[in-house]
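# sequence first, predicted coordinates after that:
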Amino acid sequence: MLRLEKVNGKNVWDILKLSVDESQKEFVAANDVSIIEAYTTITNNGYAFPFGIYDDDVLVGFVMIGYDKDDYWDDAPKIADNNYNLWRLMIDKRYQQKGYGRKAIELALEFIKTFPCGEAEYCWLSYEPENTVAKELYESFGFVETGDMDGEEIIAVLKLCGGLDMLELKGINTDAEKEWEFVRNMPEDENGLTNSLHGISKQDFITKALPDMHKHEKGEDMPDWMVPETIQYLWLDETIVGQFRIRHYLNEALRTGAGHIGYFIAKEFRGKGYATEGLRQTLEVARRIIPEDEIYLRVNEDNPASLKVMMKNEGKIVGKAEGKIFVRIRK
């Protein structure tokens, strides 16, 4: 599986050894130049995200993403202002003609659409007019030439949808492999939301956990203490950013405890409004399921961010006890 890994003190030396075919060197800077550019950008109030491209554990290329401009980029094109830039992409000459370039662009765009520096309207890039291979590849992703130039290179742009507009709540088994990767990396317990599947193997997730989730949603083969539960994932384009759980009704433990809804947003996606939008979409689903007149939620007193998410969804604090805050939302 192709993946991106941030450049670090361990992999940088291998990345520096990568090179393109001789005929391509006029079209792409060497990786040492790219990493120097990343360093000078970051140290001058700019943003640069250099990654190694890996096929499992095999390093096959390098990609770098930028945002806006640093203090010393005096001749930056106008499109650079407050937009993302697919700054650099190379696949090592040993691994070309295997589809890695296209997949790497997909991964880079997935990262960009998480809006790590805030939302933006465009992603832009540039290439030499003679580089027809790059032109055709980028056009296939929807990049359109603007007629502007960055130095001697042609600028092409891709319209990005708004971050929150791209969020969608989907049920289990939408993409079992991505769901497994997300769940196995969720903490075993964070702010009271437990995850018994932390570290689960792919085989056990697909053959045991997923079928159990389907059964439990229907109220079948459940432990006595459990109520039917619907699990949904919050997707940002092709990336899972969170998990939301809806307990179909309250037993005594839930009525005085965790309530109807629990949720988790991965750390790298927090502080972007995703939890608020995810809870809003979850409430729409919950209102069609639960029989109670109000939707019950609970949050730790030391988790003000989550409390803020609930309040933005018209939550009302109804009580506090033992470090917990109890919230109700009108059905």
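Great, that's in hand. Numbers count the residues shown, from 1 in each chain.

# now tell me what touches stretch 202-212 from outside.
Residues from elsewhere that reach stretch 202-212 (CB atoms under 8 Å, 6 or more residues apart in numbering): I172, N173, A176, E177, E179, W180, V183, R184, L197, I200, D221. Where you see a C-beta, it was placed from the backbone N, CA and C, and this is true even at glycine.

# so, low pLDDT: which residues of the stretch 151-300 of the chain?
Under the criterion pLDDT under 70, the flagged ranges of the stretch 151-300 of the chain are 161-163.

# so for stretch 289-301, what gets flagged as buried?
Neighbour-count burial for stretch 289-301, counted by 16 or more other CB atoms under 10 Å, picks out I290, I295, Y296, L297, R298, V299.

# next, the contact list for the closest residue to the third one other than its chain neighbours, please.
I take that to be Y296. Computed as CB to CB, 6 or more residues apart in numbering, the closest residue to Y296 that is not its neighbour in sequence is G259, at 3.2 Å. Applying CB under 8 Å, 6+ apart to G259 gives the contacts R247, L250, I295, Y296, L297, R298, F326, V327.

# restricted to strands, list those.
Mapping those onto strands (DSSP state E) picks out R247, I295, Y296, L297, R298, F326, V327.

# so the third one makes contact with H260?
Yes: judged on CB atoms under 8 Å, Y296 makes contact with H260 at a distance of 5.1 Å.

# who touches both of those two?
Common neighbours of Y296 and H260 (criterion: CB under 8 Å, 6+ apart): L250, L254.

# for the strand or helix carrying E106, the averaged confidence score.
Using DSSP states H and E, E106 maps to helix 100-112. If you average the pLDDT over helix 100-112, you get 94.

# now for that helix, which elements pack on it?
Counting by 3 or more CB pairs under 8 Å, 6 or more residues apart in numbering; DSSP states H and E, the packing neighbours recorded for helix 100-112 are strand 2-6, strand 47-55, strand 58-67, strand 84-91, helix 132-139.

# nearest to L164, of these?
Smallest distance to L164 across the helices and strands packed on helix 100-112 (CB to CB): 16.7 Å, for strand 84-91.

# now do the closest one against helix 132-139, angle only.
Here strand 84-91 runs at an angle of 130 degrees relative to helix 132-139 (axes from the mean of the first three to the mean of the last three CA atoms, to 10 degrees).

# the helices in this structure, which residues?
Counting by DSSP state H, the chain has these helices, from start to end: 12-17, 31-42, 100-112, 132-139, 176-185, 202-204, 210-217, 252-255, 274-286, 304-312.
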